[in-house]
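Engineer: From the sequence below, what's the structure:
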Amino acid sequence: MLSASKLWLFQEFLALNSFAQSWVLPVLPLYSEKEQIRVFTDLMKDYTVLRLRMLGR
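Structural biologist: The predicted model follows:
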């Protein structure tokens, strides 16, 4: 499982992202820690790109 600090950050992100909360969180425990980190990283990258586009950058 993710470390406490990474898990907290991931939960904060999920709270802001209803898609991730609905579809990712329920299946996340099925993945290894390495895969969980990859999923988290990919979602954060997607979120960052989306936010930058919304800000016009």
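Engineer: What helices and strands are in contact with the longest helix along the chain?
Structural biologist: Secondary structure of the chain per DSSP state H: the longest helix is helix 33-54. Helices and strands touching helix 33-54, by 3 or more CB pairs under 8 Å, 6 or more residues apart in numbering; DSSP states H and E, are helix 4-16. Bear in mind the C-beta positions are built from the backbone N, C-alpha and C, glycine included.
Engineer: report the angle between the axes of the helix it packs on and helix 33-54?
Structural biologist: Put simply, helix 4-16 runs at 40 degrees to helix 33-54, going by axes from the mean of the first three to the mean of the last three CA atoms, to 10 degrees.
Engineer: quick one: the helix or strand just after helix 4-16 to chain centroid distance?
Structural biologist: Next helix or strand after helix 4-16 toward the C-terminus (DSSP states H and E): helix 18-19. Relative to its chain's centre, helix 18-19 lies at 10 Å (CA atoms, centre = their mean, to the nearest Å).
Engineer: quick one: average pLDDT of helix 18-19?
Structural biologist: Per-residue pLDDT over helix 18-19 has a mean of 72.
Engineer: Which elements pack onto it?
Structural biologist: Helix 18-19 packs on no helix or strand, going by 3+ CB pairs under 8 Å, 6+ apart.
Engineer: For the longest helix of the chain, list the C-alpha coordinates in CSV.
Structural biologist: What follows is helix 33-54, C-alpha atoms only, in CSV (Å, rounded to 0.1, in the frame of the first residue of the first chain):
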residue,chain,number,x,y,z
GLU,A,33,2.3,-0.6,-4.6
LYS,A,34,4.4,0.0,-7.7
GLU,A,35,1.3,0.0,-9.9
GLN,A,36,-0.6,2.2,-7.4
ILE,A,37,2.2,4.8,-7.6
ARG,A,38,2.1,4.6,-11.4
VAL,A,39,-1.7,5.1,-11.5
PHE,A,40,-1.3,8.0,-9.0
THR,A,41,1.4,9.6,-11.1
ASP,A,42,-0.5,9.3,-14.4
LEU,A,43,-3.6,10.8,-12.8
MET,A,44,-1.7,13.7,-11.3
LYS,A,45,0.0,14.4,-14.7
ASP,A,46,-3.4,14.4,-16.4
TYR,A,47,-4.9,16.7,-13.8
THR,A,48,-1.9,19.1,-14.0
VAL,A,49,-2.2,19.3,-17.8
LEU,A,50,-5.9,19.9,-17.6
ARG,A,51,-5.5,22.7,-15.0
LEU,A,52,-2.8,24.4,-17.1
ARG,A,53,-5.1,24.3,-20.2
MET,A,54,-7.9,25.7,-18.2
